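> A predicted structure for the sequence below; I have some questions about it.
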There are 2 protein chains.
Amino acid sequence: MIACRRFRRSFAVAGLILAASIRILGGQAPAAKYADVAEAIRMAGLRDEYAYTLLERLTSAAGPRLTGSPAAAAAVALTRAMMDEWGFETWLEPVTVQHWVRGVETARIVRPARPDLPPLPITALGFSVPTPPEGIGAPVVEVRSFEELHSLGAAVTGRIVFYNVRMDPQPMDTFQAYGAAVPFRSRGASEAAKLGAAAVLVRSVTLRTDDHPHAGMVAYDSDAPKIPAAAISTKGADALSALLKAGESVELRITLGCWNLAPTTSANVVGQIRGSEFPEEIVLVGGHLDSWDLGTGAHDDGAGCVQAIEVLRLFRELGLKPKRTVRAVLFMNEEFGASGGRDYAAAGGRKAERHIVAMESDRGAFLPIGFGIGGSPRQFARLQAWGDLLKPSGILWTRPGGGGADTGPLAAQGAVLMGFVPDSQKYFDYHHSALDVLAAVHPRELELGAIVMAIIAFVSAQEGI
Amino acid sequence: MIACRRFRRSFAVAGLILAASIRILGGQAPAAKYADVAEAIRMAGLRDEYAYTLLERLTSAAGPRLTGSPAAAAAVALTRAMMDEWGFETWLEPVTVQHWVRGVETARIVRPARPDLPPLPITALGFSVPTPPEGIGAPVVEVRSFEELHSLGAAVTGRIVFYNVRMDPQPMDTFQAYGAAVPFRSRGASEAAKLGAAAVLVRSVTLRTDDHPHAGMVAYDSDAPKIPAAAISTKGADALSALLKAGESVELRITLGCWNLAPTTSANVVGQIRGSEFPEEIVLVGGHLDSWDLGTGAHDDGAGCVQAIEVLRLFRELGLKPKRTVRAVLFMNEEFGASGGRDYAAAGGRKAERHIVAMESDRGAFLPIGFGIGGSPRQFARLQAWGDLLKPSGILWTRPGGGGADTGPLAAQGAVLMGFVPDSQKYFDYHHSALDVLAAVHPRELELGAIVMAIIAFVSAQEGI
């Protein structure tokens, strides 16, 4: 903070000079016109790495922020305070959120007798129903696809179905492999329940082999019994599979003590710098404030939240006055159904506003390498030139398409969805697990995400769409 | 290993099919012609992450590999054995190397009396002369530039000169900031010695603030007294600077117990797959086997060594038979003068050979993002099209220029220097410090470096330059 304030005055002056030079260059293409301001944003960001300071506060003071939890409520107050400190206009917008609570979770191998093996590391999936207090003891059936499950038919009755489907290491875009593996986590319980299964264990969706279960949601079909569902670490899955391969009948006792409580009220946190000429036109930057509860949600999505705040802070630091309003929105409840994004778009306050751009950061705080631009093909063609402004900050390509779980609903109101694309190689090492903590985030990579969002947000605010 | 061998046969078959399809496609541009083989290389690499297995062995079995040390000799035997295991043709080529040995290294604050402060974390720079056994006790003078040093003149006589120059966080390419900071480490001792200084401490060249000193070389001028030289951690530098800023006269006692021993003989390690049609034409891939001794040289440059071996292994795995010889060279003594690269280029064995391409990996095992191509502008234009083959593996740009401390001497023999450029954001967090260990390397990022080198090596071996 001290180093940061020391430099502020000189940068505010630089900001004024920049603002003046931008007016003089009015006739130029945006990329050339904003090159100096883009550089100033990058310089100030890399010098201070202030997004990391914010993330340190968020992860240490609020910690794991499961939607509906006291920690999530603390995070609402804390992030609003962070924006108040810089003098942004702030407020809260109410959101109805789920309230699921994790309790005890254990998986012991009952048969064969293997006192040498430790308990299997598992974690309940979000929305999972509990087991009875004494747990569920049942033989395990391993499957590697829904086809294999269905071919077993009634043979799984009373069993624990173990979906042991590896995340595919071969796609360069790990989100592609994630998408292919997730259906077992979300739909696996109901598919197995329809055949009479007692519970499901799902191999964690990660490319690493370790002892950390990775959480996520289970989606129960209304026409199937709700059975307990948990993720098992990849090492645990390999150990269990090896036992089964040895030809032994394997029986587990699984205990999950989780609860589904009544929905409660939380909030989206909003902060903004009001536009000097077109305040009703909004450039939105955002992330989601709720997280899973095994780590502290540093990548997912503390990073997106502090990057959104850092966009506004960089403007303030540099004395940049946007013509249109630039607004940071920290959405609540993304992990349990994304009601925060829907409620934000539907709120009464939106009627007097026009969201022209909405950018969401929810793919971790990794090196930004690309930029996605939604909207019409014509809008894409017009906006693509702005991508040149991001090249000195490491953005190497732009592509059509943008979106996000929380900003998606704003597209129907005419907002162009945009967002930087960080490198995906490591994201699922941490995602939804105890490994998603501050130490897994690099200050420069985190800051670079804020920098590229700030540059595009500023150009959008000055030029409109 | 088991999983890896299990797949080998099916991939060897795929390799034959690929080789057949490549012949059929003889009339196409290289990028289209080799798209399938490039994909097969990427798939096999990402599936097995075998480079990481090699790096695990190198860093655990040989450990820190300071040139001239027994561990460096062990690494020579180990890496040759790694290549023998896969049936490559291997040999050693002798290299005369430096033999500098690190001993005790301490820095205590003698004045003012501050029993609350821990000793300052320092490490001797390579080639540094020792202090007397009882150390050097002297007041400290802080400077932030050579100009400041020279303006002090004789006032530094008998003092410990403390170069406290921060590495600049603002350039995106951290090697640029590194280059600007290194002169204080390399030339600082002699510049201060000419003014009568007793010793120098140099702020570690890293962007992080922590307790780890980062080593590197000192280069003594022949016309200046040789005085002891050490790096100090960035936190130590900040603490020392704060004491000095408080207006106090600060006296330190520094002890360095290092020795410069007589040069000794070590070796470059060579392994190759002989070309089926033009065996005398060589495509070289390489890294350097020696490392600093504070960590285990995982990024610098264990990574480059195992990537070079992995290039050959991927060929073997896929049954690819290069027309020209593809050779992995693990150079010795890069950190202490790069005699390995010079001796390799000058060796008698080179006379019957023609190196057409030389690729060096010595920028850490980070995400590959670009590719540099040396040679003439005409060669660049011709080879640039090959860059398209690397796009699916994440390489986003090509640029003129290639080189490397070890492969550089081959340019005079007509070799085109090439190499992938990994992301540089984090490299200097680890570089030359105790943090450069296996845990700092990500298996996918390491493998991707091997993959892009393997693709270019194969195309070079089939097409020539």
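Right, received. Where do you want to start?
> make it CA atoms for all contacts and neighbour counts henceforth
Fine.
> Point me to the helix or strand that includes A:Ile456.
helix A:443-463 (DSSP states H and E).
> Need the pLDDT of A:Leu25.
A:Leu25 carries a pLDDT value of 36.
> my guess is A:Val141 is in a helix, correct?
No: under DSSP: H, G, I helix; E, B strand; the rest coil, A:Val141 falls outside any helix and is assigned strand.
> May I have the phi/psi pair for the nearest residue to A:Pro368 once chain neighbours are set aside?
Of all residues not flanking A:Pro368 in the chain, A:Pro422 sits nearest, at 3.9 Å (C-alpha to C-alpha, 6 or more residues apart in numbering or on different chains). A:Pro422 adopts backbone torsions of phi -80, psi 160, taken as degrees, to the nearest 10.
> got a list of what A:Pro422 touches?
A:Arg363, A:Gly364, A:Ala365, A:Phe366, A:Leu367, A:Pro368, A:Ile369, A:Gly370, A:Gly449 (C-alpha atoms under 8 Å, 6 or more residues apart in numbering or on different chains).
> close enough to count as contact, the fifth one and A:Gly449?
Yes: using C-alpha atoms under 8 Å as the test, A:Leu367 is close enough to A:Gly449 to be in contact (7.3 Å).
> Just want to know which of these two has more residues nearby.
Higher neighbour count among A:Leu367 and A:Gly449: A:Gly449, with 32 against 23, using other C-alpha atoms under 10 Å in any protein chain shown.
> Excluding sequence neighbours, find me the nearest residue to the more buried one.
A:Pro368 (5.9 Å).
> again, but for A:Thr296
A:Pro64 (4.1 Å).
> tell me the pLDDT at the one you found?
pLDDT, read off for A:Pro64, is 97.
> Can you report phi and psi for it?
Residue torsions, per degrees, to the nearest 10, at A:Pro64 are phi -70, psi 130.
> So it is in contact with A:Ala73, correct?
No: if you go by C-alpha under 8 Å, A:Pro64 and A:Ala73 don't touch, sitting 11.0 Å apart.
> Among these two, which residue is more densely surrounded?
A:Pro64 (27 against 20).
> list the contacts for that one?
Counting by C-alpha under 8 Å, 6+ apart, A:Pro64 has contacts A:Ala71, A:Ala72, A:Ser291, A:Trp292, A:Asp293, A:Leu294, A:Gly295, A:Thr296, A:Gly297.
> ok, and the closest non-adjacent residue to the last one?
Going back to what we said before, that points to A:Gly297. Per C-alpha to C-alpha, 6+ apart, closest to A:Gly297 is A:Ser291, 5.1 Å.
> In contact with that neighbour, which residues are there?
Counting by C-alpha under 8 Å, 6+ apart, A:Ser291 has contacts A:Pro64, A:Arg65, A:Leu66, A:Thr67, A:Gly297, A:Asp300, A:Asp301, A:Gly302, A:Glu335.
> Repeat that for A:Ser361.
A:Val285, A:Gly286, A:Gly287, A:Asp301, A:Ala303, A:Gly304, A:Cys305, A:Gln307, A:Gly419, A:Phe420.
> Repeat that for A:Leu92.
A:Ala267, A:Asn268, A:Val269, A:Val270.
> Mind doing that once more with 10 Å?
Taking C-alpha atoms under 10 Å, 6 or more residues apart in numbering or on different chains, we find A:Leu92 in contact with A:Val76, A:Ala77, A:Arg80, A:Ser266, A:Ala267, A:Asn268, A:Val269, A:Val270, A:Gly271, A:Val329, A:Leu330.
> Check A:Gly401 too.
A:Phe371, A:Gly372, A:Ile373, A:Gly374, A:Gly375, A:Ser376, A:Pro377, A:Phe380, A:Val416, A:Leu417, A:Met418, A:Gly419.
> Make a ChimeraX selection of whichever of these turn out to be buried.
Entered in ChimeraX, the line below selects the buried ones among the contacts of A:Gly401, by 16 or more other C-alpha atoms under 10 Å in any protein chain shown:
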select /A:371,372,373,374,375,380,416,417,418,419
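> What segments of the stretch 351-465 of chain A are strands?
A:354-360, A:368-373, A:397-400, A:416-422 (DSSP state E, counting those that start in this stretch).
> The strand ranked longest in chain A pairs with which strands, and in what direction?
Counting residues, the longest strand found in chain A (DSSP state E) is strand A:259-273. Note on strand A:259-273: by DSSP bridges, its sheet partners are strand A:89-101 (antiparallel), strand A:324-331 (antiparallel).
> Specify the angle between the shortest one and helix A:443-463 in degrees.
Here strand A:324-331 points in a direction 140 degrees away from that of helix A:443-463 (axes from the mean of the first three to the mean of the last three C-alpha atoms, to 10 degrees).
> quick one: strand A:324-331 to chain centroid distance?
17 Å (C-alpha atoms, centre = their mean, to the nearest Å).
> Report the angle between it and strand A:354-360.
Going by the same axes, to 10 degrees, strand A:324-331 makes 50 degrees with strand A:354-360.
> Around chain B, pick out the residues from chain A.
Contact residues (C-alpha under 10 Å from any C-alpha of the partner chain) of chain A with chain B: A:39, A:42-49, A:168-173, A:207-208, A:367, A:369-370, A:392-397, A:423, A:425-426, A:442-445, A:448.
> If we use 8 Å, what do you get?
A:42-43, A:46-47, A:169-172, A:392-394, A:396-397, A:425, A:444-445 (C-alpha under 8 Å from any C-alpha of the partner chain).
> most surrounded residue in the contacts of A:Pro64?
A:Gly297 (31 neighbours).
> and that residue, what does it touch?
Contacts of A:Gly297 (C-alpha under 8 Å, 6+ apart): A:Thr59, A:Gly63, A:Pro64, A:Arg65, A:Asp290, A:Ser291, A:His432, A:Asp436, A:Val437.
> For A:Leu117, which residues are in contact?
So A:Leu117 contacts A:Ile109 (C-alpha under 8 Å, 6+ apart).
> how about a cut-off of 7 Å?
The contact partners of A:Leu117, by C-alpha atoms under 7 Å, 6 or more residues apart in numbering or on different chains, come to none.
> Any figure for the gap between it and A:Leu243?
Look at A:Leu117 and A:Leu243: by C-alpha to C-alpha, to the nearest Å, they are 11 Å apart.
> Could you do A:Ala454 as well?
For A:Ala454, the distance to A:Leu243 - C-alpha to C-alpha - is 52 Å.
> cool, and A:Val205?
21 Å.
> more crowded one of the two?
Counted by other C-alpha under 10 Å, A:Val205 and A:Leu243 do not tie: A:Val205 has more neighbours, with 30 against 14.
> any idea how far B:Gly247 is from the nearest residue to the more buried one once chain neighbours are set aside?
Leaving aside its chain neighbours, A:Val205 sits nearest to A:Met167 (5.9 Å; criterion: C-alpha to C-alpha, 6+ apart). For A:Met167, the distance to B:Gly247 equals 60 Å [C-alpha to C-alpha].
> if you count what's nearby, which of the two comes out ahead?
Neighbour count, other C-alpha under 10 Å: between A:Met167 and B:Gly247, A:Met167 has more, with 22 against 8.
> Make sure I have this right: the more buried one is in a helix.
No: judged by three-state DSSP, A:Met167 forms no part of a helix; its state is coil.
> Contact partners for it?
Neighbours of A:Met167 in contact, by C-alpha under 7 Å, 6+ apart: A:Ala177, A:Tyr178, A:Ala181, A:Val205, A:Thr206, A:Leu207.
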